[in-house]
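Engineer: I'll drop the sequence and a predicted model, then ask my questions.
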Amino acid sequence: MPEMNMVRALNLALHQEMERDERVVLLGEDVARVGGVFRVSEGLLERFGPDRVIDTPVSEAGIVGCAIGMALYGLRPVCEIQFSGFAFFGFHQLNCHAARFRTRSWGRFQVPLVMRAPIGGGIRALEHHNDSEEALYVQSPGLKVVIPSGPRKARALLVSSIRDPDPVVFLEPKRVYRAFREEVPEQEETWPLGQAQVLRHGRDVTLIAYGAMVREALEAAEQAEKQLRASVEVIDLLSIVPMDTPTLLESVRKTGRCVVVHEAPRSCGVAAEIIARLNEQALFSLQAPIARVTGYDIPYPFFAREMAYLPSTKRILAALRKTLEY
Amino acid sequence: MPRKVCETFQIEYLQILDETGQVDACLEPDIPAEDLRKLYRTMLAARLLDRRMHVLQQQGRIGTFPSVQGQEGGCLGCAYALRLDDWMVPSFRETAALFWRGLPMKNILTYYMGMEEGNRFPDHMRDLPIAITVGSQPLHAVGLAWAARIRKDPVVVMVFFGDGATSEGDFHEACNMAGVFQVPVVFVCMNNQYAISTPRARQTHAQTIAQKAIAYGFPGIQVDGNDLLSAYVASRDAVARARQGQGPTFIECVTYRLSPHTTADDARRYRSDEEVREWQKRDPLVRFRKYLEKRQLWSEAWEEEITEEIRGEIDEAIRAAEAERARVEPLEMFDHVYGEPPPEVLAQREEAAEFVDQPASLRQT
């Protein structure tokens, strides 16, 4: 099985899906000639031609809005927003149209588009290139929201997202793009939306994360094992909508303790929703309040201060300790 | 080096049938007599339904709705230029055009009874549902047209929006995308002079809305939007251009909504009765009647006959819509959100089931 980073893995998914299904088209800023600013779509223009791999004007509402029209016509557009922080220009199209066309037409029309966007911080980038906006999409019923954490699942989830009958917001943690390699099978692989993955089994505490925070969580789990002699179960959420609540419940009912990690601001974030669900359905299994390690409720700082903003292994370890010692 | 002119432009205004019913014989399109009568009947149906809906709204039998009176001619003339396998993307005052495309009256009624069912148009109609957020649907039209071109289908897409929509960013992005990629789309701006209370002059300082097309690199034309014939001729040419791969066209239909913005609006706060009376003289329906009369395609007896027919159709549509309203299953609101619904949505459906009343028609007594 070849080893590849997340950029190559996503590229493989796009190549194979465009090969398999001629309805799949790719559009976005700088996606064709240069293969995307992160090179995720490299080689696709050469292989599939300018009708299916399209460099657009700088026009996020245009990209999402046209992708909606294409999807209504029967294509399977995959549109790229260059950075998730620019997606606000297209947010109206996503929230008011992509998410609602099926309801609005009482099931007659569907919008099977994928909006890909690099998300999150940690790469010393300029303003608006670092934020994590996933909670906004979660509050837009009709959308599905996926955030992979590594190459293999990113590839499988992108394939599943393209084949999904509903609009999927596919958020790629840019910090992970070239951070590490994994074995990724050449042959087709999918992963169901709404299925989390237990990355590490443990008895004492459940640690839930997604996106770039999964690696921080795994590192924190290692250290907790050594420093606190605690057995930590780590769950990678993978998809926020649908959310794999049963896997989270099963784990927390076993461990009785839980820490949730994300980069996005804390208040009303995804962790808040996870904690609410665990409280609703596993309250009597809990032996400590559920802790969250998140970004703060402030605008994402310029990069000189970003490491103080992002959840770190140290912060996660401190939360694990507090939860275990409660 | 002297300054020099690098670009100039002109915008044409087209009127074929004036408000007295006089027609410019050189410009008059050759529309079969049977179609002319059907077009008139369609306009009349939209007008009579709209009048009846005002009564229904006051009786509380339908909700707030935007009246279409005064705008029937322009949108119908444009839509008449389409083939049925072309796509139409409406805004919310194109009732006459939608009737022409095959929409049953019942759909308009159930839509304004607050039921999504009204927006589920019959499967044979290549028409998107009614769009509410101003100026956002032109992008869907561009996407449809773009997809048609990718699939090499010889279809054209026509999209309707108002003068207010042209101030929205999405409108700009739609025109720009359409120009850059030369997709087969016809933009129709129903310039009815007001966005609720805001006059056309507050939307743009440009002399015409049609000239905006020039900046996007495709032709724009202004037509008398209360003249069905000029709306048709401009659209016929635009549709032909689009179908031949010559890209988009912009048509500004200069029209007027004779009623307030919606039944919740008080138009007297922003426009005079005198102004409305002036525009009533240019009523597209009256003008078209005069034209048919001159061509001996109209008589009072025929008017009475079709009026009776349409009233019967309206009565029947109201009966059908109210019967459907009585059968509304509240829990169905969960059923058309996702193709593959997340478990949380299914669980919430179960939860809601405990608290909603079944429709009267399904209740066990």
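Structural biologist: Sure, I can see it. Keep in mind it's a predicted model, so treat the numbers as computed, not measured. Residues are numbered from 1 along each chain as shown, chains lettered A, B, ... in the order given.
Engineer: What segments of the stretch 151-300 of chain B are helices?
Structural biologist: B:169-181, B:212-216, B:228-243, B:273-280, B:284-294, B:300-326 (DSSP state H, counting those that start in this stretch).
Engineer: export the strand ranked longest in chain A as PDB, just CAs?
Structural biologist: In chain A, with assignment by DSSP state E, the single longest strand is strand A:258-265. What follows is strand A:258-265, C-alpha atoms only, in PDB (Å, rounded to 0.1, in the frame of the first residue of the first chain):
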ATOM      1  CA  CYS A 258     -14.500  12.900  28.900                       C
ATOM      2  CA  VAL A 259     -12.600  15.800  27.400                       C
ATOM      3  CA  VAL A 260     -13.500  17.400  24.100                       C
ATOM      4  CA  VAL A 261     -11.000  19.300  21.900                       C
ATOM      5  CA  HIS A 262     -11.500  21.700  19.000                       C
ATOM      6  CA  GLU A 263      -9.700  24.700  17.500                       C
ATOM      7  CA  ALA A 264     -12.900  26.700  17.000                       C
ATOM      8  CA  PRO A 265     -14.000  29.300  19.600                       C
END
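Engineer: Run through the neighbouring helices and strands of it.
Structural biologist: Contact partners of strand A:258-265 among helices and strands, from 3 or more C-beta pairs under 8 Å, 6 or more residues apart in numbering or on different chains; DSSP states H and E: helix A:134-138, strand A:205-209, helix A:213-228, helix A:270-282, strand A:291-295, helix A:313-325. Backbone N, C-alpha and C define where each C-beta goes, glycine included.
Engineer: and residue B:102, which of the helices of the stretch 151-300 of chain B is closest to it?
Structural biologist: Minimum separation from residue B:102 across those (C-beta to C-beta) falls at helix B:300-326, 14.1 Å.
Engineer: Buried residues of the closest one, list them for me.
Structural biologist: B:303, B:306, B:310, B:313-314, B:317-318, B:321-322, B:324-325 (16 or more other C-beta atoms under 10 Å in any protein chain shown).
Engineer: Kindly identify which of the residues you listed also come near chain A.
Structural biologist: With C-beta under 8 Å from any C-beta of the partner chain as the criterion, these include none near chain A.
Engineer: just those now: which is nearest chain A?
Structural biologist: residue B:324 (11.8 Å; C-beta to the nearest C-beta).
Engineer: roughly how far apart are the closest one and residue B:54?
Structural biologist: Residue B:324 is 21 Å from residue B:54, where distance means C-beta to C-beta, to the nearest Å.
Engineer: Check residue A:132 too.
Structural biologist: From residue A:132 across to residue B:54, the span is 50 Å (C-beta to C-beta).
Engineer: Which of these two has more residues huddled nearby?
Structural biologist: residue A:132 (27 against 15; other C-beta atoms under 10 Å in any protein chain shown).
Engineer: Tell me the one of the buried residues of helix B:300-326 nearest residue B:39?
Structural biologist: Using C-beta to C-beta, the buried residues of helix B:300-326 come closest to residue B:39 at residue B:306, 12.1 Å.
Engineer: What is the burial count for residue 205?
Structural biologist: All of this is about chain A. Residue A:205: 28 surrounding residues under other C-beta under 10 Å.
Engineer: Chain B was what I was after
Structural biologist: Other residues close to residue B:205 by other C-beta under 10 Å number 6.
Engineer: picking up where we left off before, can you add pLDDT and give the buried residues of helix B:300-326 back as JSON lines?
Structural biologist: JSON lines is the format used below for the buried residues of helix B:300-326 (pLDDT from 0 to 100):
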{"residue": "B:303", "pLDDT": "98"}
{"residue": "B:306", "pLDDT": "98"}
{"residue": "B:310", "pLDDT": "98"}
{"residue": "B:313", "pLDDT": "98"}
{"residue": "B:314", "pLDDT": "98"}
{"residue": "B:317", "pLDDT": "98"}
{"residue": "B:318", "pLDDT": "98"}
{"residue": "B:321", "pLDDT": "98"}
{"residue": "B:322", "pLDDT": "98"}
{"residue": "B:324", "pLDDT": "97"}
{"residue": "B:325", "pLDDT": "96"}
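Engineer: Quick check: of the residues you listed, which lies closest to residue A:16?
Structural biologist: Nearest member of these to residue A:16, counting by C-beta to C-beta, is residue B:324, at 45.8 Å.
Engineer: Now do the closest one against residue B:337, distance only.
Structural biologist: To residue B:337, residue B:324 is 21 Å away according to C-beta to C-beta.
Engineer: Please state the offset of stretch B:7-16 from the chain centre?
Structural biologist: Offset of stretch B:7-16 from its chain centre (C-alpha atoms, centre = their mean, to the nearest Å): 24 Å.
Engineer: Now that stretch - C-alpha only, PDB.
Structural biologist: Below are the C-alpha coordinates for stretch B:7-16, written out as PDB (Å, rounded to 0.1, in the frame of the first residue of the first chain):
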ATOM      1  CA  GLU B   7     -15.300  52.300 -25.600                       C
ATOM      2  CA  THR B   8     -18.700  53.700 -26.200                       C
ATOM      3  CA  PHE B   9     -22.100  52.100 -25.800                       C
ATOM      4  CA  GLN B  10     -25.700  52.500 -26.700                       C
ATOM      5  CA  ILE B  11     -28.800  50.900 -25.100                       C
ATOM      6  CA  GLU B  12     -31.800  50.300 -27.300                       C
ATOM      7  CA  TYR B  13     -35.400  50.700 -26.000                       C
ATOM      8  CA  LEU B  14     -38.000  48.500 -27.700                       C
ATOM      9  CA  GLN B  15     -41.700  49.100 -27.700                       C
ATOM     10  CA  ILE B  16     -43.900  47.400 -30.300                       C
END
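Engineer: Work out for me the element the residue in chain A positioned nearest to chain B sits within.
Structural biologist: Of all residues in chain A, the one sitting closest to chain B is residue A:69 (1.8 Å; C-beta to the nearest C-beta). Residue A:69 is part of helix A:60-73, with elements assigned from DSSP states H and E.
Engineer: Remind me what that helix packs against, helices and strands.
Structural biologist: strand A:24-28, strand A:76-80, helix A:88-92, helix B:138-150, helix B:169-181.
Engineer: Can you tell me which of these is nearest to residue A:53?
Structural biologist: Of all the helices and strands packed on helix A:60-73, it is strand A:24-28 that lies closest to residue A:53, at 4.9 Å by C-beta to C-beta.
Engineer: quick one: contacts of the helix or strand just after that closest one?
Structural biologist: Moving toward the C-terminus from strand A:24-28, the next helix or strand (DSSP H and E) is helix A:44-48. Identification of contacts with helix A:44-48 by C-beta atoms under 8 Å, 6 or more residues apart in numbering or on different chains yields A:11, A:14-15, A:18, A:26, A:31-33, A:35, A:52-53.
Engineer: just to revisit the earlier point, can you redo the helices of the stretch 151-300 of chain B as a markdown table with distance to residue B:344?
Structural biologist: Listed next are these as a markdown table, based on distance: least, C-beta to C-beta, whole Å:
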| stretch | distance to residue B:344 |
| --- | --- |
| helix B:169-181 | 31 |
| helix B:212-216 | 43 |
| helix B:228-243 | 44 |
| helix B:273-280 | 51 |
| helix B:284-294 | 50 |
| helix B:300-326 | 29 |
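Engineer: how about TSV for the helices and strands packed on strand A:258-265, with distance to residue A:106 and mean pLDDT added?
Structural biologist: Putting these into TSV (distance: least, C-beta to C-beta, whole Å; pLDDT from 0 to 100) gives the following:
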stretch	distance to residue A:106	mean pLDDT
helix A:134-138	23	97
strand A:205-209	37	98
helix A:213-228	39	97
helix A:270-282	29	98
strand A:291-295	39	98
helix A:313-325	46	98
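Engineer: which of these sits most buried?
Structural biologist: Using mean count of other C-beta atoms under 10 Å in any protein chain shown, the stretch among those with the greatest mean number of neighbours is strand A:205-209 (a mean of 29).
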